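**Q** Build me a model from this:
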Amino acid sequence: MPLNEDRAVEVALSEETRKRADELCGSLALSVSIEKRGEVSLLPAMLDDLNSMGSRARPVQIALMPGQAVLTVISDTALAHCSHALLVCRQEQGGIRKMLGRHDASRPGRRGDDPPDKFFASFAVSSNIEG
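**A** Here you go, the predicted structure:
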């Protein structure tokens, strides 16, 4: 799975990816504000497109739904499809979760109670980063 034309993803994470994950952890707010929407928990997170090393990570929210393997990413700006992304969030029970995966291009909300100024994308986790 290529990162870009001149780099390849190794099974073990590169030092650069680990460093970016740690930097994203520092970008998260120290306090976790968890919003409940029915059975959904909304957690603050940072999303980084690893295909574009020049891009900046952006703040997002993650919607955690019980029993669902795919996460929903909620952003203030539209997201293009990304085949290799790093998602870092603070967990409800404390601690930080770092995930590699991919996400679809975002779309506006479909439900009547979805905020009109937010964009939604599905994030499929391919692996968790330990440490």
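
**Q** okay, the spatially most central residue of the chain: pLDDT?
**A** Of all residues in the chain, the one closest to the mean position by Cα atoms, centre = their mean is Leu87, 3.1 Å from it. According to the prediction, Leu87 has pLDDT 94.

**Q** when you give positions from now on, start the count at 16
**A** Noted, 16 is the first residue going forward, which turns the last one into Leu102.

**Q** where's it, which helix or strand?
**A** Under the assignment given by DSSP states H and E, the secondary-structure element containing Leu102 is strand 97-105.

**Q** For that strand, name the packing helices and strands.
**A** For strand 97-105, the helices and strands in contact under the criterion 3 or more Cβ pairs under 8 Å, 6 or more residues apart in numbering; DSSP states H and E are helix 30-42, strand 55-64, strand 73-79, strand 111-118, strand 134-144. C-beta: built from backbone N, CA, C; applies to glycine.

**Q** Of all the ones you listed, which one comes closest to Val85?
**A** Evaluated with Cβ to Cβ, these place strand 134-144 nearest to Val85, the distance being 5.0 Å.
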